[in-house]
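K.L.:
here is my input, please return the structure:
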Amino acid sequence: CACCGFPHLFVPGGLEGMINAFSDLETDAAAKEINAARASPWPPDTRDQIWSDRLLLRFKMKKEMRAYREFLEGVVRGG
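P.N.:
Residues are numbered from 1 along each chain as shown. As a prediction, this is how the structure comes out:
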């Protein structure tokens, strides 16, 4: 859980399960993510946490892309 600092432990299938659960990653992209994670020099616990955070950040940013675009267009037009 987040209180103990190991939220990635509760993801079914571990890091691979999380990568495969993201619908924006096609099969080849998911395989590349998994292979890149496996090749990382970090210890498994650290690697899984960093990769999980990276995936969650990317997912959140993609969901909010429209708001970022509208904000930027407003700033450019208004500036």
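K.L.:
helices and strands around the strand or helix carrying Ala31, which ones?
P.N.:
Taking DSSP states H and E as the definition, Ala31 sits inside helix 27-38. Contacts defined by 3 or more Cβ pairs under 8 Å, 6 or more residues apart in numbering; DSSP states H and E place helix 27-38 against helix 14-21, helix 44-63. For glycine as for every other residue, the C-beta is placed from the backbone atoms N, C-alpha and C.
K.L.:
in the longest one, which residues are buried?
P.N.:
Buried residues in helix 44-63, counting neighbours by 16 or more other Cβ atoms under 10 Å, are found at 47-49, 51-52, 55, 59.
K.L.:
CA atoms only: put it into CSV for me.
P.N.:
The C-alpha trace of helix 44-63 is given here as CSV (Å, rounded to 0.1, in the frame of the first residue of the first chain):
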residue,chain,number,x,y,z
PRO,A,44,13.7,-5.1,-8.9
ASP,A,45,11.8,-3.2,-6.2
THR,A,46,13.2,0.1,-7.2
ARG,A,47,12.8,-0.6,-10.9
ASP,A,48,9.1,-1.6,-10.5
GLN,A,49,8.4,1.5,-8.4
ILE,A,50,10.0,3.8,-10.9
TRP,A,51,8.5,2.2,-13.9
SER,A,52,5.0,2.1,-12.3
ASP,A,53,5.3,5.8,-11.5
ARG,A,54,6.4,6.5,-15.1
LEU,A,55,3.4,4.7,-16.5
LEU,A,56,1.0,6.3,-14.2
LEU,A,57,2.3,9.8,-15.0
ARG,A,58,2.1,9.1,-18.8
PHE,A,59,-1.4,7.8,-18.4
LYS,A,60,-2.5,10.9,-16.4
MET,A,61,-0.8,13.3,-18.9
LYS,A,62,-2.5,11.6,-21.8
LYS,A,63,-5.9,12.0,-20.1
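K.L.:
thanks a lot, catch you later.
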